[in-house]
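Colleague: give me a model of this one.
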Amino acid sequence: MASPSDRFRQLIFYSLVMGRDAHGKPMLGLVSSSRARVQPSRRLIRDASGNEHLASHVIYTDAALTLLHRLWLPGEDTSDFNRARRPVAVDELVDGAGVVRFRKVWL
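Modeller: Just a heads-up that it's a prediction; the model follows:
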């Protein structure tokens, strides 16, 4: 049986927010890459606080992403923090044994 990650043919980059500097700008950890599937989306998503956001993209990946990560879409400059996107919601999809197969990240 084929794994869902077999369909991840794009490459995204992500980094964990480690804290904030003296000016309040987020400090990022090391930038990592992962295979993913990126799709444009226009869906209304409710975040953990109950606020509604219009998602611009949905990303399917097997990387262990959380709401504390910042992501760059394929082709974006990872040295430019202003291009990094913050996830609105992260859904973990599990198989019958309870193992996380992949994550669905809403931007």
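Colleague: pairing partners for the lengthiest strand in the chain, with directions?
Modeller: When the chain is parsed with DSSP state E, its longest strand is strand 32-46. Using DSSP bridges, the strands paired with strand 32-46 are strand 10-20 (antiparallel), strand 52-61 (antiparallel).
Colleague: send the alpha carbons of that strand over as CSV?
Modeller: The C-alpha coordinates for strand 32-46 follow below in CSV (Å, rounded to 0.1, in the frame of the first residue of the first chain):
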residue,chain,number,x,y,z
SER,A,32,15.1,22.7,7.8
SER,A,33,13.5,21.3,4.7
SER,A,34,10.8,18.7,4.1
ARG,A,35,8.9,17.1,1.3
ALA,A,36,5.3,18.4,1.1
ARG,A,37,2.3,18.9,-1.1
VAL,A,38,1.2,22.6,-1.2
GLN,A,39,-2.2,23.5,-2.4
PRO,A,40,-3.9,27.0,-2.7
SER,A,41,-6.9,27.2,-0.5
ARG,A,42,-9.7,29.7,0.3
ARG,A,43,-11.2,28.1,3.4
LEU,A,44,-12.3,29.8,6.6
ILE,A,45,-10.3,28.2,9.5
ARG,A,46,-10.9,28.7,13.2
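Colleague: contacts for that strand, please.
Modeller: Applying CB atoms under 8 Å, 6 or more residues apart in numbering, the contact partners of strand 32-46 are 5, 7-15, 52-63, 73-74, 88-89, 106. Just so you know, the C-beta spots here come from the backbone N, C-alpha and C atoms, and that holds for glycine as well.
Colleague: what is the end-to-end distance of stretch 78-96?
Modeller: 36 Å (CA to CA, to the nearest Å).
Colleague: just stretch 60-75 next, same as before
Modeller: First-to-last residue span, stretch 60-75, CA to CA: 17 Å.
Colleague: buried residues of that stretch, list them for me.
Modeller: Buried residues in stretch 60-75, defined by neighbour count with 16 or more other CB atoms under 10 Å: 60, 61, 62, 63, 65, 69, 70, 71, 72, 73.
Colleague: coming back round to it: what mean pLDDT does the longest strand of the chain have?
Modeller: Taken as a whole, strand 32-46 carries a mean pLDDT of 93.
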